[in-house]
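In: coordinates only, sequence not included:
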């Protein structure tokens, strides 16, 4: 069994589709990050394990899911319907098989799936990461897999939008083999992305990630950047 951590904020429309497509052997761990549309209740009714993280922040929700996960290998993915859980084995198998310490899903967008400003920002970020770390990545993708103990050992500090990039930078510094595989990327199901669906959301994500690029992702013993740090709570089951 592999736990799939799904940070959720008002995803009631997309949850049924996402949870219904979870492959055999993969278990949904929904982290409700303060939803007002009963996302947590809906997820629980559909059989998902639900954790609560009331302190807002993408990284806060992801960290709570990581701490609360119960499997050796864990996956992360967005829960807005833009990513298909059916692609999880493609991302997870290199980690489970030992050929990668961290595997990222490189998004292959279908028509209308990726706003131009978000795609451009992601391309610039990936290019800068490659220049600094020599990784050859095409995407800092939200669908990813790694061993739980390895991620906890990275001592990730960001509790906002910088979490995905901090993970990649720290993993590279610690010598984890980073691999990338293609996954489909679709228009989200209902609502609008809180991260890359607006220019403001994209700017905030770039701002938070830029802190880590500027610092070079300090070793785990170094203090976290002040404006990216959020206190993370322990998960509370529901």
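Out: Yep, it's here. Just so it is clear, the structure is predicted and the values come from calculations on it, not from any experiment.
In: so the residue lying closest to residue 82 once chain neighbours are set aside: helix, strand or coil?
Out: Nearest residue to residue 82 in three dimensions, chain neighbours excluded: residue 188, at 4.6 Å (Cβ to Cβ, 6 or more residues apart in numbering). C-beta: built from backbone N, CA, C; applies to glycine. Using DSSP: H, G, I helix; E, B strand; the rest coil, the structure places residue 188 in coil.
In: helices of this protein, start to end?
Out: Along the chain, counting by DSSP state H, helices occupy 15-20, 39-45, 58-68, 88-96, 116-133, 148-153, 163-173, 199-215.
In: if we can go back for a sec, what is the burial count for the residue nearest to residue 82?
Out: 20 (other Cβ atoms under 10 Å).
In: next one: residue 24
Out: Around residue 24 there are 6 residues (other Cβ under 10 Å).
In: then the one 3 residues further on?
Out: By other Cβ under 10 Å, 16 other residues sit near residue 27.
In: can you check the one 5 residues further on too?
Out: Neighbouring residues of residue 32 were enumerated by other Cβ under 10 Å; the total is 27.
In: bridge partners for it, pull those for me.
Out: Bridge pairing for residue 32 (DSSP bridges) gives the partners residue 8, residue 52.
In: my guess is residue 38 contacts residue 11. True?
Out: No. Using Cβ atoms under 8 Å, residue 38 is not in contact with residue 11, being 10.6 Å away.
In: give me the more crowded residue out of the two.
Out: Set residue 38 next to residue 11 and count neighbours by other Cβ under 10 Å: residue 11 wins out with 27 against 14.
In: from residue 91, how far off is the more buried one?
Out: Going from residue 11 to residue 91 by Cβ to Cβ, to the nearest Å gives 20 Å.
In: and residue 145, by the same measure?
Out: 5 Å.
In: list the residues that contact both of the two?
Out: 75, 103 (Cβ atoms under 8 Å, 6 or more residues apart in numbering).
In: spatially central residue in the chain, please.
Out: The chain has residue 142 as the residue nearest its centroid, 4.1 Å off, counting by Cα atoms, centre = their mean.
In: most distant residue from the middle of this protein?
Out: The chain, farthest from centre, Cα atoms, centre = their mean: residue 45 at 23.6 Å.
In: excluding its backbone neighbours, what's nearest residue 95?
Out: Leaving out its chain neighbours, residue 95 is closest to residue 145 (Cβ to Cβ, 6+ apart), at 4.6 Å.
In: and the residue nearest to residue 82, what pLDDT?
Out: Looking at residue 188, its pLDDT is 87.
In: hmm, back to that, distance to residue 78 and mean pLDDT for the helices of the chain - can I get that in a markdown table?
Out: Putting those into a markdown table (distance: least, Cβ to Cβ, whole Å; pLDDT from 0 to 100) gives the following:
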| stretch | distance to residue 78 | mean pLDDT |
| --- | --- | --- |
| helix 15-20 | 9 | 97 |
| helix 39-45 | 13 | 97 |
| helix 58-68 | 9 | 97 |
| helix 88-96 | 12 | 98 |
| helix 116-133 | 13 | 86 |
| helix 148-153 | 18 | 98 |
| helix 163-173 | 10 | 95 |
| helix 199-215 | 13 | 61 |
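In: wait, what's in contact with the closest residue to the residue nearest to the centre of the chain other than its chain neighbours?
Out: What sits nearest to residue 142 in space, not counting adjacent residues and going by Cβ to Cβ, 6+ apart, is residue 78, at 4.8 Å. The neighbours of residue 78, taking Cβ under 8 Å, 6+ apart as the test, are 6-7, 142-143.
In: gap between residue 78 and residue 163?
Out: Distance, residue 78 to residue 163, by Cβ to Cβ: 12 Å.
In: ok, now residue 86?
Out: 24 Å.
In: more neighbours, these two?
Out: Neighbours around residue 86 and residue 163, counted as other Cβ under 10 Å, are more numerous at residue 163. The numbers are 27 against 13.
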